[in-house]
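Participant: Take a look and give me a structure for this.
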Amino acid sequence: MPKNSKVTQREHSNEHVTESVADLLAHEEPVDYKRSVLNVTGEAWDKQKDGEEELDAENRPAWNSKLQYILAQIGYSVGLGNVWRFPYLCQKNGGGAYLVPYLVLLIIIGLPLFFLELAVGQRIRRGSIGVWNYICPRLGGIGYASCLVCFFVGLYYNVIIGWSIFYFFKSFQYPLPWSECPIARNGSVAVVEAECERSSATTYFWYREALDISNSISESGGLNWKMTLCLLVAWSLVGLAMIKGIQSSGKLDKMLDPQVWREAATQVFFALGLGFGGVIAFSSYNKQDNNCHFDATLVSFINFFTSVLATLVVFAVLGFKANIMNEKCVVENAEKILGYLNTNVLSHDLIPPHVNFSHLTAKDYNEMYRVIMTVKEGHFKELGLDACLLEDELDKSVQGTGLAFIAFTEAMTHFPASPFWSVMFFLMLINLGLGSMIGTMSGITTPIIDTFKVRKEVFTVGCCIFAFVIGLIFVQRSGNYFVTMFDDYSATLPLTVVVILENIAVAWIYGTKKFMQELTEMLGFRPYQFYYYTWKYVSPICMAVLMTASIIQLGVSPPGYSAWIREEAAEKFLFYPTWAMAILISLIILASLPLPLVFILRQFHLVSDGSNTLSVTYKKGRMMKDISNLEDNDETRFILSKVPSETPSPMPTHRSYLGPGSNSPMEMSSAPNGRYGSGYLMASTPESEL
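Facilitator: Now for the predicted structure:
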């Protein structure tokens, strides 16, 4: 034995032996039964064939190219929220001034945490459950909570895709079916549908023709068969995509409003998909030497600039719509004034001499309106005249379904070749939605398949069928109100808790210095110190403030929803009934329940986290010592380890000596399935199929 070997050194040393099993295996010469006495079959050893068998054993899918991976991450992060949520927040919170808090929070929270999720997923190469079990077994509930949040979001998110599919097929006709109010027959007299006349053609089509909505969440009204079929199509598309796999200007004082910062931070979370597990799932299919820092920066800012571009387009469309609606308002109120003039309710002396009713402009109408309001001050309300101000029309903030299925559809009816633009718009929504849904579903399927070794096809089909059945709650006549409930409360607070614990697990439990060192070895360069301070201090504090603000907001503002009242042809804010509040609270508790549950079970050793397991397994005729399930922060994770600080991490540093015949550290990190030499599995590379 060489005199400078570790064993020889220990024989002449009084130091207590604290070497772990992982280190012993790492320094032991690999054993191959075909070249040893374990080979009892008499089969000749073929090195080339043996290497091919080892490669075949690795069946975890991988990205075909870096471009494919980047496009998948962009498709996941750029979704429906970029089109309707971000523009609404800009309009609501001061226009361009809103971009300042959003960009600040993107840099100090979004980018660092996005980089963190990419890094842990790529290095450990497992889904969210496996990743957090490795980093901190007691916080392994993070992965399960992420799966539940993904499931809740996927339930209602796919309903929105179903709505888009319905509008997509309805767009193949001219004129568009929502361009005019339907005519109802009352005997021999044809009259305009009252509900439509009191609202608008697009609003009527959305609430009555598409949703056939009930007056409240308490009135189920039965299933809407049209939307049920569309939901089935949406889940079929998602299921097929998953089975195919991965190879397939404003007021600046708004910035001082804490509500603006809270909403900006929430939008950053949802825009980048933090905490859902989809980011970790996608990055787990990367090679370990992939530059995930570049990926995090690129995807984050592409997402931001996409949101800004979408906002410009949305504002242009809404501005066009506002002009059309303002002109319509002027015409309708000018007809009222003419009627008052003909019936001598108003005097012709009130009309300025330059006003021409046949070519009435908005400026002329506003001048006439002010004169009439001044003269008829005591009886002005009885006239029922509207101011018809363009600013008022522009200030009508709409978001979500109201923006896509009412405001945009109304604007498109005034476009030339309106069916073409309608088809393209809803095709875009379907593609954006599917891209995000695939990432969301990956946040469920990847960790479950990695952890429980179930068949991907069977689990995916079963998951989609189960989600479709549960999703029927969203396609009843009151379904839109449940979509609102899930959108507002099922993910926001649990997701914030999940991301905070992710940050704490890496920065404070695993150790920021250790994590930075391992990133340096993985990437080939040391990340900026900016990430050290944001991971350790800035991000946790900011997220704790955000969580506190969310809890206060939930307590101060009783939960409610906007209900469409058929008889009034208008929306009315209603509070959730007691049973709906119970569902709402249950969603929050259920999504957060895995966090304390897993902690308690593992803290008191009620369930095993596999930290003491050392098994010898046979695979394709090769004997391999499997230490892939050894955890890092358990005091007894290795049989021979006594000091926790001396136990090797699940993302280990390079060793200077790897034993006779072993590969170099660079070769070891790039070897398929994390294998090196002839037969051992590295503890640092937790593959999904061992």
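
Participant: Do a quick rundown of the helices in the stretch 301-450 of the chain.
Facilitator: 362-375, 380-383, 390-394, 400-402, 408-412, 418-452 (DSSP state H, counting those that start in this stretch).

Participant: Now do the second one: distance to the chain's middle.
Facilitator: Which is helix 380-383. Distance of helix 380-383 from its chain centroid, counting by C-alpha atoms, centre = their mean, to the nearest Å, is 50 Å.

Participant: helices or strands next to that helix in the packing?
Facilitator: helix 362-375 (3 or more C-beta pairs under 8 Å, 6 or more residues apart in numbering; DSSP states H and E). Just so you know, the C-beta spots here come from the backbone N, C-alpha and C atoms, and that holds for glycine as well.

Participant: cool, and the fifth one?
Facilitator: In this structure, helix 408-412 makes packing contacts with helix 201-204, helix 292-342, helix 418-452, judged by 3+ C-beta pairs under 8 Å, 6+ apart.

Participant: Tyr144: which of those is closest?
Facilitator: Checking the helices and strands packed on helix 408-412 against Tyr144 by C-beta to C-beta gives helix 418-452 as the closest, at 8.3 Å.

Participant: quick one, that closest one and helix 292-342 angle?
Facilitator: 140 degrees (axes from the mean of the first three to the mean of the last three C-alpha atoms, to 10 degrees).

Participant: how far out from the middle of the chain is helix 418-452?
Facilitator: Relative to its parent chain, helix 418-452 has a centroid offset of 11 Å by C-alpha atoms, centre = their mean.

Participant: The helix or strand following that helix versus helix 418-452: what angle between them?
Facilitator: Next helix or strand after helix 418-452 toward the C-terminus (DSSP states H and E): helix 456-470. When the same axes, to 10 degrees is applied, the directions of helix 456-470 and helix 418-452 differ by 120 degrees.

Participant: Off-centre distance for helix 456-470?
Facilitator: 20 Å.

Participant: same thing with stretch 332-346?
Facilitator: Between the centre of stretch 332-346 and the centre of its host chain there is 54 Å, according to C-alpha atoms, centre = their mean.

Participant: avg pLDDT for that stretch?
Facilitator: For stretch 332-346, mean pLDDT rounds to 83.

Participant: what comes into contact with that stretch?
Facilitator: With C-beta atoms under 8 Å, 6 or more residues apart in numbering as the test, stretch 332-346 has contacts from 347-348, 351, 357, 360, 365, 368-369, 372, 376, 383-386, 388.

Participant: How many neighbouring residues does Thr374 have?
Facilitator: 10 (other C-beta atoms under 10 Å).

Participant: Leu211 now?
Facilitator: By other C-beta under 10 Å, neighbour count at Leu211 equals 25.

Participant: any idea how far Ala563 is from it?
Facilitator: According to C-beta to C-beta, to the nearest Å, Leu211 stands 12 Å off from Ala563.

Participant: picking up where we left off before, kindly reformat the helices of the stretch 301-450 of the chain as JSON lines containing distance to Pro558 and mean pLDDT.
Facilitator: Formatted as JSON lines, the helices of the stretch 301-450 of the chain follow (distance: least, C-beta to C-beta, whole Å; pLDDT from 0 to 100):
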{"stretch": "helix 362-375", "distance to Pro558": "38", "mean pLDDT": "82"}
{"stretch": "helix 380-383", "distance to Pro558": "32", "mean pLDDT": "78"}
{"stretch": "helix 390-394", "distance to Pro558": "29", "mean pLDDT": "72"}
{"stretch": "helix 400-402", "distance to Pro558": "20", "mean pLDDT": "70"}
{"stretch": "helix 408-412", "distance to Pro558": "31", "mean pLDDT": "84"}
{"stretch": "helix 418-452", "distance to Pro558": "29", "mean pLDDT": "88"}
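
Participant: out of those helices, deepest packed?
Facilitator: Mean neighbours per residue, mean count of other C-beta atoms under 10 Å, is largest over the helices of the stretch 301-450 of the chain for helix 408-412, with a mean of 25.

Participant: How far off centre is that helix?
Facilitator: Relative to the chain's own centre, helix 408-412 is displaced by 27 Å; criterion: C-alpha atoms, centre = their mean.

Participant: show me what contacts the closest residue to Phe474 other than its chain neighbours?
Facilitator: Here the nearest residue to Phe474 in space, its sequence neighbours aside, is Val159; by C-beta to C-beta, 6 or more residues apart in numbering that works out to 4.3 Å. Going by C-beta under 8 Å, 6+ apart, Val159 touches Met227, Leu231, Ala234, Gly471, Phe474, Val475, Gly479, Val483.

Participant: Could you pull up the contacting residues of the closest residue in space to Ser128 that isn't next to it in sequence?
Facilitator: Closest residue to Ser128 apart from its sequence neighbours, by C-beta to C-beta, 6+ apart: Gly277 at 3.5 Å. Neighbour list for Gly277: Gly127, Ser128, Gly143, Ser146, Cys147, Cys150, Ser442, Gly443, Ile444, Thr446, Pro447 [criterion: C-beta under 8 Å, 6+ apart].

Participant: Pick out the most distant pair among those.
Facilitator: The widest separation within those (C-beta to C-beta) is 13.2 Å, between Gly143 and Ser442.

Participant: what about the residue nearest to Asn291 when sequence neighbours are not counted, distance to Gly140?
Facilitator: Distances taken as C-beta to C-beta, 6+ apart place Leu523 nearest to Asn291, at 6.0 Å, with adjacent residues excluded. Noted for Leu523: a distance of 26 Å to Gly140, by C-beta to C-beta.
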